[in-house]
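[1] how would this look folded up:
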Amino acid sequence: MYKNLAAALAAACFISPVFSQAAAPAKEPLKIGFVYVAPLTDAGWVRQHDDARKAVEAALGDRVKTTYVENVPEGADAERVIRDLASQGHRLIFTPSFGYMEPTLRVAKDFPDVKFESITGYKTAPNVAVANARYYEGRYLAGIAAGRMASSAGYVAGFAIPEVIQGINAFTLGMRSVNPRASVKVVWLGAWFDPPREREAAMTLFNQGVEVIAFHTGSTAVMAAAQERGKLAIAYHSDMRKVAPDAQLLAVTHQWGDYYTRRARAVLDGSWKSGAVWGGVKDGMIRVDSFGPKVPKKVVDEVLARQKDITAGKLHPFRARTALLDNEGREVLAAGKTLTDEQILAMNFLVQGVVGKLAKTP
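    The predicted structure follows:
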């Protein structure tokens with residue numbers, strides 16, 4: 001205890017530089033939520049988005065804190081999870097699945113201060129942006145490789161939405177650009193992630209004589225089936241050589257990290273705005289890579305050269321060298337013309353060379 005007031009004041013003056021001012025509160029990190037439509041596995045759609053989440057953390061460090069919820073079905077469950085993340089203080093939420101679009105919009109109305117990124121959606125709102133990739137560019141390139149290696153292909157597809165139809169058509173056109181008589185048989189699953197049925201569909205196609213297979217689903221089951229049967233397969237979303245070291249022809253990979261990081265930075269600096277992004281090979285969002293051991297170097301070189309042509313604007317998968325026909329013989333595009341983005345986004349036909357019909361969407 002101080003003996004007199006003067007001593008107390010002197011002591012107070014001595015300690016005031018340290019204690020008289022309250023320390024400035026540390027700025028809270030930006031909480032970012034991610035909702036995944038399937039389980040997080042070593043490869044596939046969800047893996048690529050989780051790699052992007054990690055890229056955000058690596059780029060922004062302690063300025064952000066990320067959370068993810070995996071294996072969330074589209075519909076009511078998705079709305080509940082998205083709403084929970086918003087309620088828990090997440091100020092930026094990524095919802096990467098087409099069926100999350102409407103749930104995202106409903107939640108966004110109730111949380112106007114939260115920013116939402118609807119990946120593969122197409123409806124925006126003041127606090128909802130949309131982004132997608134031009135997957136069809138990678139599919140066309142994969143088709144070139146497939147056409148050099150085989151004449152018949154199979155395709156295991158989730159739902160008959162334009163994004164999937166674009167891929168089937170681009171893959172077929174890529175095959176037929178180097179092998180005009182090539183054909184592609186399609187099996188529709190009506191699901192994004194169902195490994196047993198994905199495998200069954202692949203085996204059915206192999207039993208029908210297809211030599212190479214592609215898919216638009218969320219697991220590695222098709223790749224594993226190709227490895228087992230000694231066939232070739234196109235990996236999708238991720239490099240899948242770990243599952244199919246001999247079967248993988250190449251991989252069409254999705255690169256989300258740069259986009260996700262830019263959007264997180266925009267929230268942090270207050271520049272985030274709603275909008276729509278549709279990026280492709282040129283933008284670094286799609287690429288073909290991870291060629292397998294059975295692919296001749298001349299095929300690798302050809303595919304990579306065509307990838308550079310897409311980047312340079314010299315090649316467009318939906319530019320018709322001759323009249324573009326659907327698989328019932330109707331002309332859908334005159335020779336020399338190119339489908340517009342609006343036409344591609346609304347695509348509802350299968351091109352000549354595809355064996356099958358469009359499945360009804362739910």
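
[2] ok, residue 278 touching residue 137?
    No: in this structure, residue 278 is not within contact of residue 137 by C-beta atoms under 8 Å, at 10.9 Å. Backbone N, C-alpha and C define where each C-beta goes, glycine included.

[3] So between those two, which is more surrounded?
    residue 137 (30 against 15; other C-beta atoms under 10 Å).

[4] which helices and strands does the helix or strand encompassing that one pack with?
    Assessed by DSSP states H and E, residue 137 sits inside helix 135-149. With contacts defined as 3 or more C-beta pairs under 8 Å, 6 or more residues apart in numbering; DSSP states H and E, helix 135-149 has these neighbours: helix 162-178, strand 212-216, strand 232-237, strand 248-254, strand 286-289, helix 297-312.

[5] mind checking how far the fourth one is from the chain centre?
    Centroid displacement of strand 248-254 relative to its chain, using C-alpha atoms, centre = their mean, to the nearest Å, is 13 Å.

[6] Which helix or strand lies directly C-terminal to that strand?
    By DSSP H and E, the next helix or strand past strand 248-254 is helix 257-269.

[7] residues of that following helix that come out buried?
    257, 258, 259, 260, 261, 263, 264, 265, 267, 268 (16 or more other C-beta atoms under 10 Å).

[8] partners of the helix or strand just after that helix in the sheet?
    Under the assignment DSSP H and E, the closest C-terminal helix or strand after helix 257-269 is strand 276-279. Paired neighbours of strand 276-279 in the sheet (DSSP bridges): strand 128-133 (parallel).

[9] tell me the average confidence for the strand it pairs with?
    Taken as a whole, strand 128-133 has a mean pLDDT of 97.

[10] my read: residue 45 touches residue 37, true?
    Yes: with contacts counted by C-beta under 8 Å, residue 45 reaches residue 37, the gap being 7.4 Å.

[11] Against residue 54, how distant is residue 283?
    20 Å (C-beta to C-beta, to the nearest Å).

[12] Those two: which has the busier surroundings?
    residue 283 (15 against 12).

[13] partner residues bridging residue 184?
    Bridge pairing for residue 184 - DSSP bridges - gives residue 153, residue 354.

[14] so who does the spatially most central residue of the chain touch?
    The centre of the chain sits closest to residue 254, judged by C-alpha atoms, centre = their mean, with a distance of 5.3 Å. Going by C-beta atoms under 8 Å, 6 or more residues apart in numbering, residue 254 touches 45, 48, 133, 135, 237, 238, 285, 286.

[15] Need these in CSV (columns: distance to residue 125 and neighbour count).
    Formatted as CSV, the contacts of residue 254 follow (distance: C-beta to C-beta, whole Å; neighbours: other C-beta atoms under 10 Å):
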residue, distance to residue 125, neighbour count
45, 24, 25
48, 25, 18
133, 21, 23
135, 24, 22
237, 27, 23
238, 31, 24
285, 23, 24
286, 26, 23
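
[16] quick one on the thing from earlier: mean pLDDT and distance to residue 106 added to the helices and strands packed on helix 135-149, as CSV?
    Putting the helices and strands packed on helix 135-149 into CSV (pLDDT from 0 to 100; distance: least, C-beta to C-beta, whole Å) gives the following:
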stretch, mean pLDDT, distance to residue 106
helix 162-178, 97, 22
strand 212-216, 97, 27
strand 232-237, 96, 27
strand 248-254, 97, 26
strand 286-289, 96, 30
helix 297-312, 98, 37
